[in-house]
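In: sequence? don't have it. structure:
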């Protein structure tokens, strides 16, 4: 309800958004210092910091600075081909993911190794105006859509009434911020998994490859597959040397999935 007591329109989201917000840079002076101390010479032809760092780390393993495969792409292609995935853990990016449901983030945060997360807090943020993420299969069927919107609106109304009642319950608490937090943390229990959330994530290349393979597969949940496909598109452009072995493949239902000739690197 708004301040007049009228029902607020239900805001529905059907497509997630992924924003690449952070990437690595190298320190040329420090790299040259390391090479000089150990009487080594090496240059790389990539301008992508993460690719340069992955190459530098891999060459340290073999002490192959200035030797063997000359280009960054050749070197990283070989690492991926032989499955030397640990080197890819030195390449790191940060993303903001929005327009996704709590159902999705429950799955996303199961990816632990190589990931860091900071998610919108329902204890501090008022969810009265939150959008909701509707699955395509429900949105495409008018009868199912009506059931879904009815259930979501009931939950929204219950949340508003609970917040109001809980704020009265905690009226003796002098700290207004704490009073609101106490009310919202209890009231959120009625919110559905469809509630939209936002999450900031940082992940290394190996972890991203694993996520894209698992969650971009035909067997994955449709919503998280959309995120995996967006991540793939971003990373193929951002770091072709580390992600170009992936491709989109069509599915019988009209959707798409991910395929690679180098799985489980």
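Out: Alright, I've got the coordinates. Keep in mind that what you see is a predicted model, and the values were worked out from it rather than measured. Residues are numbered from 1 along each chain as shown.
In: give me the longest helix you can find in the protein.
Out: When the chain is parsed with DSSP state H, its longest helix is helix 142-169.
In: and the following helix or strand past it, which residues are buried?
Out: Counting by DSSP states H and E, the next helix or strand C-terminal to helix 142-169 is helix 176-187. Within helix 176-187, the residues that count as buried by 16 or more other C-beta atoms under 10 Å are 179-184, 186-187. Glycine gets a C-beta too; all of them are placed from N, C-alpha and C.
In: show me where the stretch 1-150 of the chain dips below the pLDDT cut-off.
Out: Within the stretch 1-150 of the chain, the ranges that satisfy pLDDT under 70 run 1-7.
In: which parts of this protein are helices?
Out: Going by DSSP H, the chain shows helices at 28-37, 49-62, 72-82, 102-108, 136-139, 142-169, 176-187, 205-215, 222-238, 240-243.
In: what's the closest of those helices to residue 197?
Out: With C-beta to C-beta, the closest approach to residue 197 among the helices of the chain belongs to helix 102-108: 5.5 Å.
In: list the buried ones in the closest one?
Out: Neighbour count says helix 102-108 has 102-105, 107-108 buried, by 16+ other C-beta under 10 Å.
In: also stretch 218-233?
Out: For stretch 218-233, by 16+ other C-beta under 10 Å, it's 220, 223-232.
In: check stretch 37-49 too.
Out: Under 16+ other C-beta under 10 Å, the buried positions of stretch 37-49 are 44, 46, 48-49.
In: and what of stretch 139-149?
Out: Neighbour counts over stretch 139-149 (16+ other C-beta under 10 Å) mark 148-149 as buried.
In: could you list the residues in contact with that stretch?
Out: Outside stretch 139-149, the residues that touch it by C-beta atoms under 8 Å, 6 or more residues apart in numbering are 10, 12, 14, 134, 137-138, 194.
In: farthest-separated two in the residues you listed?
Out: Using C-beta to C-beta, the two most remote members of the contacts of stretch 139-149 are 10 and 137, lying 18.3 Å apart.
In: comparing those two, which residue is more hemmed in?
Out: residue 10 (13 against 10; other C-beta atoms under 10 Å).
In: ok, now which ones touch the more buried one?
Out: 132, 149, 152-153, 156.
In: hmm, 10 Å instead?
Out: By C-beta atoms under 10 Å, 6 or more residues apart in numbering, the contact list for residue 10 reads 131-132, 134, 148-149, 152-153, 156.
In: between those residues, which is closest to residue 53?
Out: Among the contacts of residue 10, and counting by C-beta to C-beta, the member closest to residue 53 is residue 131, at 38.0 Å.
In: now that closest one: how far from residue 9?
Out: The spacing between residue 131 and residue 9, counted by C-beta to C-beta, to the nearest Å, is 10 Å.
In: between those two, which is the more surrounded one?
Out: Neighbours per residue (other C-beta under 10 Å) separate residue 131 from residue 9, with residue 131 holding more: 16 against 7.
In: pretty sure the more buried one contacts residue 8?
Out: No - assessed by C-beta atoms under 10 Å, residue 131 is found out of contact with residue 8, at 11.1 Å.
In: reformat the buried residues of helix 102-108 as TSV; add distance to residue 263.
Out: Shown next, in TSV, are the buried residues of helix 102-108 (distance: C-beta to C-beta, whole Å):
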residue	distance to residue 263
102	29
103	26
104	23
105	25
107	20
108	20
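In: quick check, nearest of these to residue 63?
Out: Taking the buried residues of helix 102-108 together and measuring to residue 63 by C-beta to C-beta, the closest member is residue 108, at 38.3 Å.
In: picking that back up, between the buried residues of helix 176-187, which is nearest residue 199?
Out: Here the nearest of these to residue 199, counting by C-beta to C-beta, is residue 184; it sits at 18.4 Å.
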